[in-house]
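A.B. asks: Kindly generate the corresponding structure for this input.
(2 chains)
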Amino acid sequence: MKVLVPVKRVIDYNVRPRVKPDGTGVDLANVKMAMNPFCEISIEEAVRLKEKGVATEIVVVSIGPQQAQETIRVGLAMGGDRGILVQTDQTVEPLAVAKILKAIVDAEQPGLVITGKQAIDDDANQTGQMLAALLGWPQGTFASEIVKDGDKLKVTREVDGGLQTVALNLPAVVTTDLRLNEPRFASLPNIMKAKQKKIDMKTPADYGVDIAPRLAVVKVAEPRKREAGEKVADVDTLISKLKTAGAI
Amino acid sequence: MAVLVIAEHSNAALNDATAKTVSAAKAFGGDIDVLVAGHNAGAAAAAAAKIAGVRKVLHADGPAFEKQIAEAMEALIVPLMAGYDALFAPASTSGKNYAPRIAARLDIMQLSDISAVIDKDTFERPIYAGNAIMTVKSADAKKVITVRGTAYPAAADGGSAAVETIAAPAGPFAAAFVSEELSKSDRPELQSAKRVVSGGRALASAEQFQQYILPLADKLKAGVGASRAAVDAGYAPNDYQVGQTGKVVAPELYVAIGISGAIQHLAGMKDSKIIVAINKDEEAPIFQVADYGLVGDLFKIVPELTEKL
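C.D. replies: Residues are numbered from 1 along each chain as shown, chains lettered A, B, ... in the order given. Here you go, the predicted structure:
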């Protein structure tokens, strides 16, 4: 079974985002970028499926600027077989991403798509579900466990009340949550090997997808600041402060 | 103009998130209908009919809707949207699961997790783990929206809308519910609790999490949360996680114990009314958002606090 893993290049998890003074967005100039953490988990799961003999080939896809090639290389160093970069410098919204991915799925015919449940920049949590809908495929979102069970895929999902398990017909789309696995670090030999792996260069026009945004950004602002309060000396002071504030 | 609000419920009862989503729909304007898609969910439909400001309740009943399987929700709701200008769903794990499928089928770019309605095209939503608030204007004629649970208060009861039964697609669907393991607790539900006690990595074990966090939560009649680090380490179940990718809470009192305060955690709790932080590291970032900070050993402080309350 071929597995397609879409990945996104985003601001590094450890960097604190700063809103641009002119309110047009978040300042990404000279900021460390990395693979979206949920996408790393997706690659790791695909590699584990390959190690178990369930997956035969892992195709790593990214839609974004030229530098997203580096993000694909990280996926290839972790165990992906080849890459596809759909290059554009425009902002591509989840709906347009899903449309491009659908065209890639139509061409590549994978049996499974594994992608992150959300990107830590726009926090949209849409792409996997949208792709599944456009393909008419079932979905297992927020996955904490994936098991191939005969011709079905059993996906355990992290839901508000606890855990839920669904059985999906294949092909299917899975979106990954934090507890699915712990992504490996690519070894130096694998990073070197990944440089030889093939990345196909494409554009959104190659797939005939209109990526014009539907959402216009009016402004981006800092959230309301919370003032740091006071340190209290002991439990008794804390309790009396909370009583005064009416919190207890 | 008409809005379809998708109810969050357990079949037997309506979840608070439904009335909160109705409030957001009221800010959008127009007639508000609530869809209760479930199985043997008559009680939930009756409760939805009591929310003030609801024009009517659509009640669809079928086995695939007992757990609101996304593929079934898509089949039910996509045709219904012919009669509506907007879909409003709670940004719960359920709403996040089905809403984008509906948006994609309708060729609409969804607005996720909105925190405010500005006008019928313009909305605010947090991005970058709440480190920025984006105002966006949608060019789509219809809207598909999920609403952050802390953004709007629950609409009050006082209505008496008619309940109209509608046909539910029978399937078969390409996905089926198998089983669930729900956390059982007599404590208030995390997202609707007025007080929340959360534990972090410093608790150091599942046993100590239970031994120190739960008695304090019981004393305060609080819901229990946890940081991602504590959940990843197995000290607390996944549904306790507060943060960017977990639950967003805004209780009247939030007590963070042994939580350093990574930006991803702050994203889930910094709108709480009063924040108390207990941490041995006085430089911990949690103190920058805490109203009252107590620096010291949680294993001494928490039992003392529990005892004296």
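A.B. asks: all contacts plus neighbour counts: C-alpha atoms, from now on.
C.D. replies: OK.
A.B. asks: Quick one: low-confidence residue ranges for chain A.
C.D. replies: Chain A contains no residues with pLDDT under 70.
A.B. asks: Run through the helices of the chain in chain order.
C.D. replies: You didn't pick a chain, so chain A it is. A:37-51, A:68-78, A:94-108, A:127-135, A:188-194, A:235-244 (DSSP state H).
A.B. asks: that answer is for a different chain, and I need it for chain B
C.D. replies: Going by DSSP H, chain B shows helices at B:16-28, B:42-49, B:70-80, B:93-105, B:206-208, B:214-220, B:228-232, B:263-266, B:298-308.
A.B. asks: closest one to chain A among those helices?
C.D. replies: Smallest distance to chain A across the helices of chain B (CA to the nearest CA): 4.9 Å, for helix B:93-105.
A.B. asks: Buried deepest among the helices of chain A, which one?
C.D. replies: Highest mean neighbour count among the helices of chain A (mean count of other CA atoms under 10 Å in any protein chain shown): helix A:127-135, with a mean of 27.
A.B. asks: Next, the residues that contact that one from outside, please.
C.D. replies: A:94-95, A:97-99, A:101-102, A:115-118, A:138-139, A:141, A:172-175, B:97-98, B:100-105 (CA atoms under 8 Å, 6 or more residues apart in numbering or on different chains).
A.B. asks: returning to that earlier point: who wins for proximity to residue A:111 among the helices of chain B?
C.D. replies: helix B:70-80 (18.2 Å; CA to CA).
A.B. asks: Can the closest one be said to contact chain A?
C.D. replies: Yes: under the criterion of CA under 8 Å from any CA of the partner chain, chain A is reached by helix B:70-80 at B:70-71.
A.B. asks: what comes up buried for that helix?
C.D. replies: B:70-77 (16 or more other CA atoms under 10 Å in any protein chain shown).
A.B. asks: do you know how far the residue nearest the centre of chain A is from residue A:127?
C.D. replies: In chain A, the residue lying closest to the centroid (CA atoms, centre = their mean) is residue A:116, at 3.2 Å. If you measure residue A:116 against residue A:127 using CA to CA, to the nearest Å, the figure is 9 Å.
A.B. asks: if we can go back for a sec, export the buried residues of helix B:70-80 to a markdown table and append columns for distance to residue A:186 and pLDDT.
C.D. replies: Converted to a markdown table, these look like this (distance: CA to CA, whole Å; pLDDT from 0 to 100):
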| residue | distance to residue A:186 | pLDDT |
| --- | --- | --- |
| B:70 | 35 | 98 |
| B:71 | 37 | 98 |
| B:72 | 40 | 98 |
| B:73 | 40 | 98 |
| B:74 | 39 | 98 |
| B:75 | 42 | 98 |
| B:76 | 45 | 98 |
| B:77 | 44 | 98 |
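A.B. asks: got a list of what residue B:98 touches?
C.D. replies: A:129, B:69-71, B:73-74.
A.B. asks: typo on my end, it should be residue B:258
C.D. replies: B:199-203, B:277-280, B:298.
A.B. asks: Let me see the backbone angles for it.
C.D. replies: Main-chain torsions, residue B:258, degrees, to the nearest 10: phi 60, psi 30.
A.B. asks: mind checking how far it is from residue B:265?
C.D. replies: From residue B:258 to residue B:265 the distance is 12 Å (CA to CA).
A.B. asks: Residue A:3 too?
C.D. replies: Residue A:3 is 32 Å from residue B:265, by CA to CA.
A.B. asks: Return the per-residue confidence for the closest residue to residue B:216 other than its chain neighbours.
C.D. replies: Nearest residue to residue B:216, sequence neighbours excluded (CA to CA, 6 or more residues apart in numbering or on different chains): residue B:306, at 5.0 Å. Residue B:306 is assigned 98 on the pLDDT scale.
A.B. asks: Contact partners for residue B:306?
C.D. replies: Residue B:306 touches B:215-216, B:219, counting by CA under 8 Å, 6+ apart.
A.B. asks: Can you tell me which of these has the most neighbours?
C.D. replies: residue B:216 (23 neighbours; other CA atoms under 10 Å in any protein chain shown).
A.B. asks: Hmm, residue B:198 and that one touching each other?
C.D. replies: No: with contact defined as CA atoms under 8 Å, residue B:216 does not count as touching residue B:198 (10.1 Å).
A.B. asks: quick one, what contacts residue A:153?
C.D. replies: A:146-147, A:167-170.
A.B. asks: Show me which residues of the stretch 151-300 of chain B sit near chain A.
C.D. replies: Counting by CA under 8 Å from any CA, the stretch 151-300 of chain B sits next to chain A at B:174-183, B:220, B:232, B:237-239, B:247, B:252-253, B:263, B:270, B:274, B:287-295.
A.B. asks: swap the cut-off to 6 Å and go again
C.D. replies: Residues of the stretch 151-300 of chain B found near chain A (CA under 6 Å from any CA of the partner chain) are B:174-183, B:239, B:288-294.
A.B. asks: Which among these count as buried?
C.D. replies: B:174-177, B:180, B:239, B:288-294.
A.B. asks: export these to JSON lines and tack on pLDDT and distance to residue A:83?
C.D. replies: Formatted as JSON lines, these follow (pLDDT from 0 to 100; distance: CA to CA, whole Å):
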{"residue": "B:174", "pLDDT": "97", "distance to residue A:83": "29"}
{"residue": "B:175", "pLDDT": "97", "distance to residue A:83": "29"}
{"residue": "B:176", "pLDDT": "96", "distance to residue A:83": "32"}
{"residue": "B:177", "pLDDT": "97", "distance to residue A:83": "34"}
{"residue": "B:180", "pLDDT": "96", "distance to residue A:83": "36"}
{"residue": "B:239", "pLDDT": "95", "distance to residue A:83": "35"}
{"residue": "B:288", "pLDDT": "95", "distance to residue A:83": "43"}
{"residue": "B:289", "pLDDT": "95", "distance to residue A:83": "43"}
{"residue": "B:290", "pLDDT": "97", "distance to residue A:83": "46"}
{"residue": "B:291", "pLDDT": "97", "distance to residue A:83": "49"}
{"residue": "B:292", "pLDDT": "98", "distance to residue A:83": "51"}
{"residue": "B:293", "pLDDT": "98", "distance to residue A:83": "49"}
{"residue": "B:294", "pLDDT": "98", "distance to residue A:83": "51"}
